[in-house]
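Novice: Sequence first, then the predicted structure, then my questions.
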Amino acid sequence: MTIAVATDGVEAGDWREAVGTAASALVDAGAAGEGYPDACVRVVEENGPYIVLTKGLALVHARPEEGGLAVGVGVTRLTAPVEFGHPDNDPVDLLLSFCTPDPDVHVGTLAGLARALSGGLADRLRAASDQDELARVLKEALPDA
């Protein structure tokens, strides 16, 4: 069973704060351990802004062994976009976060998110009127959530 969380109207001063907030929602939901937000920030510090997948959208994650306790997927919508330093897809206003307890589930969750994104998930999330609708759209896009 996937734990799905939505956070709307988030103010973030920079990408680190945005990533930390998105990952913290998974901690608050019980899907990730306390160190997961810091691990997600480190991913970008060490590897660059590769998590910025498309215009305005980042996929926040870390390795399963860095705090994934359950399968968790979240969406965070920012009040104002932040720059990650991506040459083509900045600035980011929408963050999808996820965590998993093991590598096999990690790959499967990533594949499910990719299918949902190719099916227009980002546009539906941006069009959501409030946090409840954000959560509904996310759960509809990921049927096992």
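Specialist: Everything's here; your move. Numbering: from 1, shown residues only.

Novice: and the next element down the chain from the strand ranked longest in the chain?
Specialist: Longest strand of the chain, by residue count under DSSP state E: strand 72-82. Downstream of strand 72-82, the first helix or strand assigned by DSSP states H and E is strand 92-99.

Novice: which residues of this structure fall in strands?
Specialist: So, for the chain - with DSSP E - the strands run 3-10, 52-54, 57-60, 72-82, 92-99.

Novice: what's in contact with stretch 4-15?
Specialist: 18, 21-22, 25-26, 28-29, 31, 44, 49, 58, 72-80, 82-85, 92, 128, 130-132, 134-135, 138-139, 142, 145 (Cβ atoms under 8 Å, 6 or more residues apart in numbering). C-beta: built from backbone N, CA, C; applies to glycine.

Novice: What's the end-to-end length of it?
Specialist: Its start and end residues considered, stretch 4-15 measures 22 Å (Cα to Cα, to the nearest Å).

Novice: what about it, distance to the chain center?
Specialist: Distance, stretch centre to chain centre, for stretch 4-15: 10 Å (Cα atoms, centre = their mean, to the nearest Å).

Novice: Only whichever of the contacts of stretch 4-15 are buried, select them in PyMOL.
Specialist: To isolate the buried ones among the contacts of stretch 4-15 in PyMOL, judged by 16 or more other Cβ atoms under 10 Å, type:
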select buried, resi 18+21+22+25+26+29+31+44+49+58+72+73+74+75+76+77+78+82+84+92+128+134+135+138+142+145
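
Novice: residues in contact with stretch 73-81?
Specialist: 2-12, 18, 21-22, 25-26, 29, 56, 60, 90-98, 109, 113, 125-126, 128, 134-135, 137-138, 142, 145.

Novice: Let's see it as PDB, backbone CA atoms only.
Specialist: Extracted in PDB, the C-alpha atoms of stretch 73-81 (Å, rounded to 0.1, in the frame of the first residue of the first chain):
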ATOM      1  CA  VAL A  73       4.600   9.400  -2.800                       C
ATOM      2  CA  GLY A  74       3.900  13.100  -2.300                       C
ATOM      3  CA  VAL A  75       3.200  16.200  -4.200                       C
ATOM      4  CA  THR A  76       4.300  19.700  -3.100                       C
ATOM      5  CA  ARG A  77       3.100  22.800  -4.900                       C
ATOM      6  CA  LEU A  78       5.100  26.000  -4.300                       C
ATOM      7  CA  THR A  79       3.600  29.500  -4.100                       C
ATOM      8  CA  ALA A  80       6.600  30.800  -6.100                       C
ATOM      9  CA  PRO A  81       9.000  28.700  -8.200                       C
END
